[in-house]
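Participant: got a predicted model here, sequence first, then my questions.
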Protein chains: 4
Amino acid sequence: MSINLVAKPEDRGNLIRQALRSLRAGWQGIAGARYDAAAASMRPDLPGDDLEPLRQQMRACLEGRGGEVSARARAAALGRAYLTLDPTGRERFLRVLAVDFDIAEAEVSAAIDALKAAQSLEERNRTRQRLRATLEPPRVKLLTQFNSLPQGIKFLVNMRAELLPLGRKDPALALLADDLRVLLATWFDVDFLELRRITWDTASGALLEKLIAYEAVHPIESWDDLKNRLDYDRRYFAYFHPRMPDEPLIFVEVALVNGMADNVQNLLDPKAPPQDPKTADAAIFYSISNAQRGLDGISFGNFLIKRVVGELSHEFPNIKTFATLSPIPGFVHWLDLALSEGRPGLLKPADRKTLTALGVTKGAKGWLRQTLAGSDWHHNEALLKTLRPLLFRLCAQYLAREQRSGGTALDPVAHFHLSNGALMDRLNWMADRSKRGLRHSAGLMINYRYDLAKIEENHELYRSSGKRALSPGIRGLLSG
Amino acid sequence: MSINLVAKPEDRGNLIRQALRSLRAGWQGIAGARYDAAAASMRPDLPGDDLEPLRQQMRACLEGRGGEVSARARAAALGRAYLTLDPTGRERFLRVLAVDFDIAEAEVSAAIDALKAAQSLEERNRTRQRLRATLEPPRVKLLTQFNSLPQGIKFLVNMRAELLPLGRKDPALALLADDLRVLLATWFDVDFLELRRITWDTASGALLEKLIAYEAVHPIESWDDLKNRLDYDRRYFAYFHPRMPDEPLIFVEVALVNGMADNVQNLLDPKAPPQDPKTADAAIFYSISNAQRGLDGISFGNFLIKRVVGELSHEFPNIKTFATLSPIPGFVHWLDLALSEGRPGLLKPADRKTLTALGVTKGAKGWLRQTLAGSDWHHNEALLKTLRPLLFRLCAQYLAREQRSGGTALDPVAHFHLSNGALMDRLNWMADRSKRGLRHSAGLMINYRYDLAKIEENHELYRSSGKRALSPGIRGLLSG
Amino acid sequence: MSINLVAKPEDRGNLIRQALRSLRAGWQGIAGARYDAAAASMRPDLPGDDLEPLRQQMRACLEGRGGEVSARARAAALGRAYLTLDPTGRERFLRVLAVDFDIAEAEVSAAIDALKAAQSLEERNRTRQRLRATLEPPRVKLLTQFNSLPQGIKFLVNMRAELLPLGRKDPALALLADDLRVLLATWFDVDFLELRRITWDTASGALLEKLIAYEAVHPIESWDDLKNRLDYDRRYFAYFHPRMPDEPLIFVEVALVNGMADNVQNLLDPKAPPQDPKTADAAIFYSISNAQRGLDGISFGNFLIKRVVGELSHEFPNIKTFATLSPIPGFVHWLDLALSEGRPGLLKPADRKTLTALGVTKGAKGWLRQTLAGSDWHHNEALLKTLRPLLFRLCAQYLAREQRSGGTALDPVAHFHLSNGALMDRLNWMADRSKRGLRHSAGLMINYRYDLAKIEENHELYRSSGKRALSPGIRGLLSG
Amino acid sequence: MSINLVAKPEDRGNLIRQALRSLRAGWQGIAGARYDAAAASMRPDLPGDDLEPLRQQMRACLEGRGGEVSARARAAALGRAYLTLDPTGRERFLRVLAVDFDIAEAEVSAAIDALKAAQSLEERNRTRQRLRATLEPPRVKLLTQFNSLPQGIKFLVNMRAELLPLGRKDPALALLADDLRVLLATWFDVDFLELRRITWDTASGALLEKLIAYEAVHPIESWDDLKNRLDYDRRYFAYFHPRMPDEPLIFVEVALVNGMADNVQNLLDPKAPPQDPKTADAAIFYSISNAQRGLDGISFGNFLIKRVVGELSHEFPNIKTFATLSPIPGFVHWLDLALSEGRPGLLKPADRKTLTALGVTKGAKGWLRQTLAGSDWHHNEALLKTLRPLLFRLCAQYLAREQRSGGTALDPVAHFHLSNGALMDRLNWMADRSKRGLRHSAGLMINYRYDLAKIEENHELYRSSGKRALSPGIRGLLSG
């Protein structure tokens, strides 16, 4: 299992159509029609002349002009207008929000002075609250008001997805994206989410289509491939927000099998006969994907895995093993770099002997880099046999020893599962022969095991001291 | 229509039972069982010895010990323990939260210093965010984690309901209550709420029972009374939160009639024949009640009224008049005070003449106070006839002229509807002969009219200059 | 548990309103409006002049004039017209159906002749089918077409409820009622029904109100009484038809307790503390009521009890005893008659001795009849003590020995449960002190036990040989 | 639009799995397990030795041995056993039902004698009912009991689908199939069905897959093709039975367009831009398919079309034209036969002149047959231009004049729509260039128009006198 951090761009047409058509019923709808006319006069690229009217509309929203109901209607009209803008226009719109409705430094300073001058407890409390208020940018209120759009919460998630790349170049937009993160993190509190099992018999065509689009760990090739992943010896779970009922936030795919899975192509083979899940003793999490780019940095994966473990424990008391079958996405890249830098100790004397047997007498490092960069080395059985112990050892080293500043695991997938309290259990040879599997992981995959009795302890050790939970097998590879 | 600001105490047994029994599935549930044992050792009144273990549990939650999933399980166990405490124990529990997990002043000071020292834009941004973070008390994270309880959001709403009275005596608890207000205001964003029409054919016994309990404007006397309010010439709407689907937040009762309603007993008479709502030309909002004390200060009434106006406009195109039939809850109290203080100009020469005709030759003010304080003056037709113009004028004065500091209407119901953009339309004589109606409103009621074309303008005038929208009729009474 | 065979008259207003207003969408609706005009010209009492037009409309339905869709629209209009008739009009309408659209004797005779003349197998098959067709009255097609009314199936059930009393005086209407029985028996096939658990949290006010109205075994006194019967140590199940989703067909009330229940007032006491159903070892069926008079003769009780036994076995594995607590509705009536007729052997010498102790030296039979007819004998403890063995023995005799022609049990409730395969388990003294309980059952109640391992055998013995399954206790009373 | 009379064979695995696994809860389930053991001993081909035990089980069902609940459990076990049989075994099973549980001739005769001897009205009624009962084969009760299977109604529909071809060779099985028809016709009364709109956003993968499988008029090529037919300028409606909620019975596909559609490939083109349905003025029914072979002879098409017309009229008041775009499936076959038989008058002198211009001087009939049998004549523009008036005239003649014995239209699709009251409106040239379209309809298609004001009249004229409603255009072709 790996975590797909970048969702594919989704079709936004539907959202726009809904937003433009279905005004909410009520006074808000009545007022909305009026404000739409004003907003509709904006040109797609939002040239300079359109900015001042835009600022005025935004100001009216923040002041609650005409009452809060009208203010929300006005904000929704602005949101609808935003959807009609082109990328240039949207960036300008966002910059107005970011720059013109930012924190007022003077107010912050005044509030700091007032706090310093405060004497009584009551005064200190009051001035602290005042200071805190001055530190929240006014635009946050407007962001909240966009919730009035039909599917307003999805609108904001998408807005953040657009902001994230822009924010890398523009600090003001990065701050705006962060305001959205704070707001969305509160709204997407994990305990508001609902876990749904997705099945072929109940999920709509529209939802199934999204699963195909959002999957990025092991791409879904066809409707038959998808149907196979929803067969009765499989489970597919996703988190949803009650106000975004048709949009999965994150989903996980599980195979119910006997014994620890060691090959993902076997798992995904539609021709493999399904087995009776009642007799399975292992649940293998083989894919987990984040579906909403706009929720980057708001993490549900840890919760999802453990909720699903709970659900499956309940439904299938026979299942004793909960583990992943995960890629090692940074392995080849790291190895290539280490070899090119001539990191000492990578190859042992025994390795050189083996390589000599293959006719590689010198330039072993270069030869290895070149071999792995090739596309057909995995067809050569003799080569595979020779490389197996070598790559196992190097990969174990990469996973168990390599670290970022701060001491966490270099491999992002490893870091995710170790943080969740999992144990590195077993490396699997030629477990993913897909192009991507060969290119990034040299065909290797790893099982991370979730042992309920040890999750907390593993987590604490990893967090406090960086210590990684390793199986005896992995330890053996390191010392071997 | 008046706004019932204080919900009746509800039966909390059900919530406790649910919380104690149904642990959530998943790892959280598994961990939860363990933490429950720890939490269960607390004694109901939470004596001094129990406080330090409590603090440790809370700290473990904030630190995310064992991982975030475990932290939430631990918080939920604390929440379940809270439910088993007696009032003394609960107050102590809340004080620990309020005092031991408050803002750290030293960190605030340090962050202020860092902000002052910041040079670059980037540094200023970063230190501002740091300052802001120090101003958010750590306990807020724990409050959020309570959301892990089944019906966690209802748990927090109830916790705030308990905090509000305690906060009046204890500033620390008042601050805690305010933290909860901020959190709940975000979670209960009006655009997350769903408007539901409540009908006899669809609402459950449990929900109907709550409507009876929560109604406070015109108490529901029996199941028949309730059924009558749900008849096909009536409408009953409520807002719900998606995670509190069985708990109305606020509800409004509407009668579909011909012409402006002028008497609430007639409206509520179960023997009155229902009329075909297709032929009605007026929708009278005769009761609106807030159902959750713990959401005080988070206002939905304005939105609810306008959403319902929109729904009804759509369903019944014939309806031209949207208005309330509201009590004037502060009238008698104000009049009594004004008379006892001898406010000049209350009684005009003409009044004295009329009173003389009744045999009241001197001490008119005292006589009037005494009469209204009595319980049977409304049976005396001659008296009623004499008092009618007098009370009409005084009541118009009270509603249209009397003000709080700040210039808003003294009467709280008047202030609510004027803020929403309504117009004071008509006073109705002997419109509420119930005990409460006589005692507080001298039997008078008023119609506030919601004229869609003028709502925004009315609102803005009232807000900016305190100007109240008055019908010619009300104006006439003032000048009369 | 007894079976309530007569539902209380229900409010039919709602049905009429629906039928009159909501024409189905589509061409049927369009045509329907036209036909309604024709049907609307009928006068409420359907005088002679209106009969021929009615016959013509009916004939047009049977001929499918204008196509089948139009025919159904026309039939629905006739159904709506029926609902506007007064009792006289309805009887005339039904008589037209019964008399003018009956089997054609001449066609039957011709078909019989054809069958007799048939030579080949093929011809015999064909003529048999023809004969069968002639024996189905044409009106059955029209009855089927009434299904086009909104809630058409409920319309037909109600029509049969009206026909049944009329049929007792008029054989033609009895035949019509029987046509309806055959049609409804097919449509209400037990495997189309859905079993629903009814709870306070999910059932609508409208449904709950019907439960109150339809209950006849132990009348529901108030909404609190009803709520108590839906508490979490109770279960309330009902069968529904998918096209009559708001109308229970039959329902059963169950208490989850420890040990066999022996007193119905204790079971129904709202102040009795509920117990945790997980610890219960017995499920007591204390009331079962048929809710639709129009389905008389179409039996669901047997299926309902066994489905519910299955559901409860699954939910509560601890429950070992499934039994009823039932009235003995014919006991006092039978005893009174037997005493008045001087049936020999009713009183034994020992009885007379006991009665002498009470001062009853002669006229024991008359005295006993008078005593039981009185209203306060159950307050006299000495009397109770004396009567107990006597009434136990007489009641056991009534239940276990008395029979109708055919050998089935005289008591209707006993017959129902014995037919279902239950065993007569235990008589309970002063188990129902309600007026009705004293008047009909002398305060006695009986437990019928459903022992899953013996149900089939008990049923077969009772059906084939009239042998009744008795517990040793009941046997002891008989021989005592 | 044509009517697909033969559904593709569906995957029955799911049904079997469900039937075998999920026994119903309750006593029936408990008993079911026992009976399953007995039934499970049958061998797949049901050899002679297995027949007598089978007969005994069936007899036990009919006698209600062990009570009705047990009898249903036993029948369900037999049904599950049936599903495990191979085709030979199934045919033998069905023959036992057909032959051993048929009408008893002796009872019929006795009942006829009793009827003849009856004197009183009461006796006549009673003996008629007795005769009628003897004419219903006992097996019908067993068929009804199969309803106890999960999805029992679907089981019976499938059983009839298997019986229909067998019945063509075996009259006993044909009679059994007819028993099923009668039972299913009652259960599938059109007013029990629910019309559902099927959309991409709500229909499950499993349902969508069935739509692909069951479509036979214009085969669905891919999931994209299907999605296009569910786009927002399309409508897809189906009838469902409440107890077969995942199985469409019949479905219709509609395009909302401007003007009468004249080409089906254009309609189905996924690249054609969708139009705003609010502006459409015509609803074109371009495909209607029966999905359940086992319901052959139970007709819903007429109702479906008119319900959908009603729904669309309501949703889109702008739509004035309701019409089909239908194939003419018998045209080429008829023409070929007519030409080969040398039917006089087929070709007119003018035709011969035109053909001469193409170089066809003699053997015109043979030439024409050969041309139409070819696969590429439609690419020859000159040829097309010449043939157009000729084929138009011949096709009009085929549709409007050719008849079966009884006077109904020879073309089955024409007969269906004329029976429904539609009018033959317009022939369209090269309207279906698919292989099937060319082979059967020579590329022609016809619009049948549903004019609400004339449907009844058209229907009656066609039914009573065979008169077909023709547009002036079609008339013109006939006289041309």
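Facilitator: It's in. Numbering: from 1, shown residues only, chains lettered A, B, ... in the order given.
Participant: show me what the helix with the most length in chain A is packed up against.
Facilitator: Longest helix in chain A, counting residues (DSSP state H): helix A:381-400. Contact partners of helix A:381-400 among helices and strands, from 3 or more C-beta pairs under 8 Å, 6 or more residues apart in numbering or on different chains; DSSP states H and E: helix A:331-341, helix A:349-357, strand A:423-428, helix A:472-479. From N, CA and C alone the C-beta is placed, and that goes for glycine too.
Participant: what's the offset of it from the middle of its chain?
Facilitator: Remark: helix A:381-400 is offset 30 Å from the chain centroid, using C-alpha atoms, centre = their mean, to the nearest Å.
Participant: list of residues touching it?
Facilitator: Residues from elsewhere that reach helix A:381-400, judged by C-beta atoms under 8 Å, 6 or more residues apart in numbering or on different chains: A:328, A:330-331, A:334-335, A:346-347, A:351, A:354-355, A:357-358, A:371, A:377-378, A:409-411, A:414, A:424, A:427, A:429-430, A:442, A:444, A:446, A:468, A:470, A:474, A:477-478, A:480.
Participant: next, the angle from that helix to helix A:331-341.
Facilitator: 90 degrees (axes from the mean of the first three to the mean of the last three C-alpha atoms, to 10 degrees).
Participant: give me the buried positions along helix A:381-400.
Facilitator: Buried residues in helix A:381-400, defined by neighbour count with 16 or more other C-beta atoms under 10 Å in any protein chain shown: A:386-387, A:390-400.
Participant: what does stretch A:362-373 give?
Facilitator: A:364-365, A:367-369, A:371-372.
Participant: if we can go back for a sec, any chance of the buried residues of helix A:381-400 in TSV, with pLDDT and distance to D:Ser313 too?
Facilitator: Putting the buried residues of helix A:381-400 into TSV (pLDDT from 0 to 100; distance: C-beta to C-beta, whole Å) gives the following:
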residue	pLDDT	distance to D:Ser313
A:Thr386	86	76
A:Leu387	91	72
A:Leu390	93	75
A:Leu391	95	70
A:Phe392	96	71
A:Arg393	95	75
A:Leu394	95	72
A:Cys395	97	68
A:Ala396	96	71
A:Gln397	96	73
A:Tyr398	97	68
A:Leu399	97	66
A:Ala400	96	70
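Participant: can you redo those as TSV with distance to B:Met58?
Facilitator: Shown next, in TSV, are the buried residues of helix A:381-400 (distance: C-beta to C-beta, whole Å):
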residue	distance to B:Met58
A:Thr386	57
A:Leu387	53
A:Leu390	51
A:Leu391	48
A:Phe392	46
A:Arg393	46
A:Leu394	45
A:Cys395	42
A:Ala396	40
A:Gln397	41
A:Tyr398	40
A:Leu399	36
A:Ala400	35
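Participant: looking at these, which one is closest to B:Lys271?
Facilitator: A:Leu399 (79.9 Å; C-beta to C-beta).
Participant: give me the distance between that closest one and chain D.
Facilitator: A:Leu399 is 38 Å from chain D, where distance means C-beta to the nearest C-beta, to the nearest Å.
Participant: now do A:Glu457
Facilitator: A:Glu457 sits 41 Å away from chain D, going by C-beta to the nearest C-beta.
Participant: chain neighbours aside, what residue packs nearest to that residue?
Facilitator: Nearest residue to A:Glu457 in three dimensions, chain neighbours excluded: A:Gly421, at 7.6 Å (C-beta to C-beta, 6 or more residues apart in numbering or on different chains).
Participant: and the one you found, what are its phi and psi?
Facilitator: The phi/psi pair for A:Gly421 (degrees, to the nearest 10) reads phi 100, psi 10.
Participant: so A:Ile212 touches A:Ile220, yeah?
Facilitator: Yes: if you go by C-beta atoms under 8 Å, A:Ile212 and A:Ile220 touch, sitting 4.6 Å apart.
Participant: show me the contacts for the closest residue to chain C within the stretch 151-300 of chain A.
Facilitator: Going by C-beta to the nearest C-beta, chain C is nearest to A:Lys278 of the stretch 151-300 of chain A, at 17.3 Å. Shown in contact with A:Lys278 (C-beta under 8 Å, 6+ apart): A:316, A:318.
Participant: distance of it from chain B?
Facilitator: Taken as C-beta to the nearest C-beta, the span from A:Lys278 to chain B is 19 Å.
Participant: could you count how many residues lie near whichever residue of chain A sits closest to chain C?
Facilitator: Here chain A gets closest to chain C at one residue, A:Pro317, 15.2 Å apart by C-beta to the nearest C-beta. Using other C-beta atoms under 10 Å in any protein chain shown, A:Pro317 has 9 other residues around it.
Participant: how about the contacts made by A:Val254?
Facilitator: By C-beta under 8 Å, 6+ apart, the neighbours of A:Val254 are A:234-237, A:283-286, A:308, A:312.
Participant: I'd guess it is in a strand, am I close?
Facilitator: Yes: assigned with DSSP: H, G, I helix; E, B strand; the rest coil, A:Val254 falls within a strand.
Participant: show me what it bridges to in the sheet.
Facilitator: For A:Val254, the beta-bridge partners are A:Arg235, A:Phe285 (DSSP bridges).
Participant: how far away is A:Lys306 from A:Arg463?
Facilitator: 16 Å (C-beta to C-beta, to the nearest Å).
Participant: with A:Leu387 instead?
Facilitator: A:Leu387 sits 35 Å away from A:Arg463, going by C-beta to C-beta.
Participant: how about A:Leu312?
Facilitator: Distance from A:Leu312 to A:Arg463, by C-beta to C-beta: 26 Å.
Participant: how about A:Ala373?
Facilitator: Taken as C-beta to C-beta, the span from A:Ala373 to A:Arg463 is 36 Å.
Participant: how far away is the closest residue to chain B within the stretch 251-400 of chain A from B:His415?
Facilitator: Closest contact between the stretch 251-400 of chain A and chain B, by C-beta to the nearest C-beta, is at A:Gly310 (2.6 Å). A:Gly310 is 50 Å from B:His415, where distance means C-beta to C-beta.
Participant: also A:Trp367?
Facilitator: From A:Trp367 to B:His415 the distance is 84 Å (C-beta to C-beta).
Participant: pretty sure A:Gly64 contacts A:Ala71?
Facilitator: Yes: with contact defined as C-beta under 8 Å, A:Gly64 counts as touching A:Ala71 (4.5 Å).
Participant: more neighbours: which of the two?
Facilitator: Using other C-beta under 10 Å as the criterion, A:Gly64 and A:Ala71 rank with A:Ala71 on top: 23 against 18.
Participant: host element of the more buried one?
Facilitator: helix A:68-84 (DSSP states H and E).
Participant: whichever strand or helix holds A:Arg59 - contacts with which helices or strands?
Facilitator: Per DSSP H and E, A:Arg59 falls inside helix A:51-63. Helices and strands touching helix A:51-63, by 3+ C-beta pairs under 8 Å, 6+ apart, are helix A:27-40, helix A:68-84, helix A:139-145.
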